[in-house]
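Participant: sequence and predicted structure, then a few things I'm wondering about:
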Amino acid sequence: MMRSTTADSSLKRFVFAAATACVVAFAGHAAQAQAQAQSSVPVLSVPDFTEVVAKSEGSVVNIRTTENVSVRSSPMGPGNDPYEMFRWFFGPDFVPPGGGRQRNAPAPTPDGQQREVPRGVGSGFIISQDGYILTNTHVVEGANGIFVTMTDGKEYKAKIVGTDARTDVALIKIEAAGLKPLPIGDSKTLRKGQWVLAIGSPFGLESTVTSGIVSAINRDTGDYLPFIQTDVAVNPGNSGGPLLDLAGNVVGINSQIVSQSGGFMGISLAIPIDEAMRIVEQLKTDGKVTRGRIGVQIGPVAEEVAKAIGLPKAEGAMVSNVEEGGPAAEAGVQPGDVITRFESTPITQWSDLPRVVGGTKPGTRASMQVWRKGKEVTLRVKVGEFEAEAPAPDQAAATPDATAADALGLKVSVIPPNVKEREKVRTGVLVTEAGGPAAAAGIAPGDIILTLNDADVKDPEQFAKLVSGLDKSRAAALLVQRGGQSQWVVVTPAK
């Protein structure tokens, strides 16, 4: 019995040891498998921006502007000093509570003269050692004085080399040497989800850094250029500052925000640097931008229309009108044609065409494909020159029949005969004042509104009825002509 018990004990010990070894081996394999699985999962972390900021912020500048305003006399008497009457009663050394102008302080500017006052602040960045600085047109436009402040506190007075309102790109220059320019990147290589950061002066707070990711590329807002959309915090004062990649290269110029409050709400828009630098070269050389034009009014291709005319996809630019005697008319373009390709560039969205044609040198003979009556037709067009945008005609300001501001923020009037002749239009209304939603969308006095949604605009009274009947929960589309070029502009009515 004793021997048998000992044998049984030995057998039990052997079985336990074997089982333990299996458990240990299994645990080891499990741990190894888990480690392999963990090693195959990427570890996400926020990048360190300190090196990028350290080498870049010295090339980003603060821009403040001034303007001249007319001064009017105070009803309290000459000198525009409301406390002069009190000094007559209480003596020449009277100082009002809380201060006020001292007796011997310089008198304000006399009536009828101009006084220089602060206008606004923005940002910019150095692109050359000899003082060329890139910023937005809306930062410097209309300014009487432009002052550039470096991060070390040095301030320079700048002059405008050239501006381009259509792209909102401005080139200014200061008299300086040995500056450190920011390296220019390639905006075409950007990808959604890529980290980017902005440096600028939001609300005048100089050299402020914010970061985020690229939210969308080629965001079409109805403007001349497609934008880079990001979630980088950009606020008033950031305009004109650089959008940088993690290598410190400029990939965009911060230009706009989409906001209902006036401050950052998660969507900011930047001008692609590739487009901006093409503008810069012309501004340096000529002080202005020369663009091509072919003389057509265009719009989007609706899905139902594409099916009806046999177009494989609802893409391209639908021609609604052809300028008489213009380049397109001479090439044989007809109303109802759909322009699907210009040279080697496919026209996917209707807004692609003005950009492609505008970037073509005037005088170029270009190949253009149109869809007509169920087939593609190839035409040759000689690109004309887009004339500089003229200011609103004097007749518009003097027109007595202007309507009251509507839900779009517009006042419009009949189009004077000479403007109709110059712009080659038969119907429509002339914008005399633009505010609210319309101004925010880029509509300005002097523009001609041809169409509202799917209705042709005939006169101010009919336009007022169309606007009053708009669904205020939906954006309205306006076909706007400016300087011989038409474009659809989307405006959300004020509630």
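Facilitator: Thanks, I have the structure now. Just so it is clear, the model here is predicted, and its values are computed rather than measured.
Participant: give me the beta-bridge partners of residue 228?
Facilitator: Beta-bridge partners recorded for residue 228 (DSSP bridges): residue 270.
Participant: that one is in contact with residue 187, isn't it?
Facilitator: Yes: look at residue 228 against residue 187 with Cβ atoms under 8 Å: they come within range, at 6.5 Å. (Glycine included, C-beta is placed from N, CA and C.)
Participant: need the contact partners of stretch 299-306.
Facilitator: Stretch 299-306 is contacted from outside by 311-318, 320, 338, 349-350, 451, 479, 488, using Cβ atoms under 8 Å, 6 or more residues apart in numbering.
Participant: list only buried entries from those residues.
Facilitator: Among those, the ones that count as buried by 16 or more other Cβ atoms under 10 Å are 311, 315-318, 320, 338, 350, 451, 479, 488.
Participant: shared neighbours of residue 228 and residue 187, anything?
Facilitator: 251-252, 272.
Participant: out of those residues, which is most surrounded?
Facilitator: Counting neighbours by other Cβ atoms under 10 Å, the top entry in those is residue 252, with 29 neighbours.
Participant: and the pLDDT for that one?
Facilitator: Residue 252 carries a pLDDT value of 97.
Participant: if we ignore the residues flanking it in sequence, what's nearest it?
Facilitator: Using Cβ to Cβ, 6 or more residues apart in numbering and skipping the chain neighbours, the partner closest in space to residue 252 is residue 270 (3.2 Å).
Participant: in strands, which of the buried ones among the contacts of stretch 299-306 appear?
Facilitator: In strands, judged by DSSP state E, the following of those are found: 317-318, 320, 338, 451, 479, 488.
Participant: now for these, which pair is the farthest apart?
Facilitator: In those, two members sit farther apart than any others by Cβ to Cβ. They are 338 and 451, at 17.4 Å.
Participant: any low-confidence regions in this protein?
Facilitator: Residues of the chain meeting the criterion pLDDT under 70: 1-44, 69-114, 222-223, 388-405.
Participant: which parts of the chain are helices?
Facilitator: With helices called from DSSP state H, the chain shows them at 2-40, 50-56, 84-90, 137-140, 273-286, 303-309, 327-331, 352-358, 394-398, 417-423, 436-440, 460-468.
Participant: tell me which strands and helices the shortest one is in contact with?
Facilitator: Judged by 3 or more Cβ pairs under 8 Å, 6 or more residues apart in numbering; DSSP states H and E, helix 137-140 is in contact with strand 60-70, strand 114-126, strand 155-164, strand 169-173.
Participant: closest one to residue 372 among those?
Facilitator: With Cβ to Cβ as the measure, strand 155-164 is the member of the helices and strands packed on helix 137-140 nearest residue 372 (34.3 Å).
Participant: list the buried residues for the closest one?
Facilitator: With the criterion 16+ other Cβ under 10 Å, strand 155-164 contains buried residues 156, 158, 160, 162-164.
Participant: repeat that for stretch 362-370.
Facilitator: Within stretch 362-370, the residues scored as buried using 16+ other Cβ under 10 Å are 366, 368-370.
Participant: run through who's touching that stretch.
Facilitator: 290-294, 319, 331, 333, 337-343, 360, 376-386.
Participant: distance to residue 281 added to the shared contacts of residue 228 and residue 187, as TSV?
Facilitator: Output for these, formatted as TSV (distance: Cβ to Cβ, whole Å):
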residue	distance to residue 281
251	18
252	18
272	15
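Participant: nearest to residue 239, of those?
Facilitator: Using Cβ to Cβ, residue 252 is the member of the shared contacts of residue 228 and residue 187 that lies nearest residue 239, at 12.2 Å.
Participant: quick check: the spatially closest residue to residue 146 that is not a sequence neighbour vs residue 181, distance?
Facilitator: Among residues not flanking residue 146 along the chain, residue 158 sits closest, at 4.3 Å (Cβ to Cβ, 6+ apart). Noted for residue 158: a distance of 16 Å to residue 181, by Cβ to Cβ, to the nearest Å.
Participant: domain-wise, how is this protein divided?
Facilitator: Domains of the chain are assigned by automatic domain parsing as 58-98+110-173, 187-285, 291-386, 394-491.
Participant: got a quick PyMOL command for the buried subset of the contacts of stretch 362-370?
Facilitator: The PyMOL selection below is limited to those of the contacts of stretch 362-370 classed as buried (16+ other Cβ under 10 Å):
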select buried, resi 291+292+293+294+319+331+333+337+338+339+340+341+342+360+379+381+383+384+386
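Participant: mind listing which of the contacts of stretch 362-370 are in strands?
Facilitator: Of the positions in the contacts of stretch 362-370, 291-293, 319, 338-342, 376-382, 384-386 sit in strands, assigned by DSSP E.
Participant: number of residues surrounding residue 305?
Facilitator: Number of residues near residue 305 (other Cβ under 10 Å) recorded here: 15.
Participant: from residue 152, how far out is it?
Facilitator: Taking Cβ to Cβ, one finds residue 305 at 59 Å from residue 152.
Participant: what does residue 67 give?
Facilitator: Taking Cβ to Cβ, one finds residue 67 at 27 Å from residue 152.
Participant: which one's more surrounded, the two?
Facilitator: The residue with more neighbours, out of residue 67 and residue 152, is residue 67; 15 against 6, by other Cβ under 10 Å.
Participant: so what's the more buried one bridging to?
Facilitator: Applying DSSP bridges to residue 67 gives these bridge partners: residue 117.
Participant: export the buried ones among the contacts of stretch 299-306 as TSV, with columns for distance to residue 212.
Facilitator: Listed next are the buried ones among the contacts of stretch 299-306 as TSV, based on distance: Cβ to Cβ, whole Å:
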residue	distance to residue 212
311	39
315	31
316	34
317	33
318	36
320	39
338	38
350	30
451	37
479	35
488	30
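Participant: from these, pick the one nearest residue 466.
Facilitator: Checking the buried ones among the contacts of stretch 299-306 one by one against residue 466 (Cβ to Cβ), the nearest turns out to be residue 451, at 9.8 Å.
Participant: with adjacent residues omitted, what lies nearest to that closest one?
Facilitator: Nearest to residue 451 is residue 479, by Cβ to Cβ, 6+ apart, at 3.7 Å.
Participant: quick one: that neighbour and residue 486 touch, right?
Facilitator: Yes: between residue 479 and residue 486 there is a contact under Cβ under 8 Å: 5.8 Å.
Participant: now do the shared contacts for those two.
Facilitator: The contact sets of residue 479 and residue 486 overlap at 297, 450 (Cβ under 8 Å, 6+ apart).
Participant: all set, thanks.
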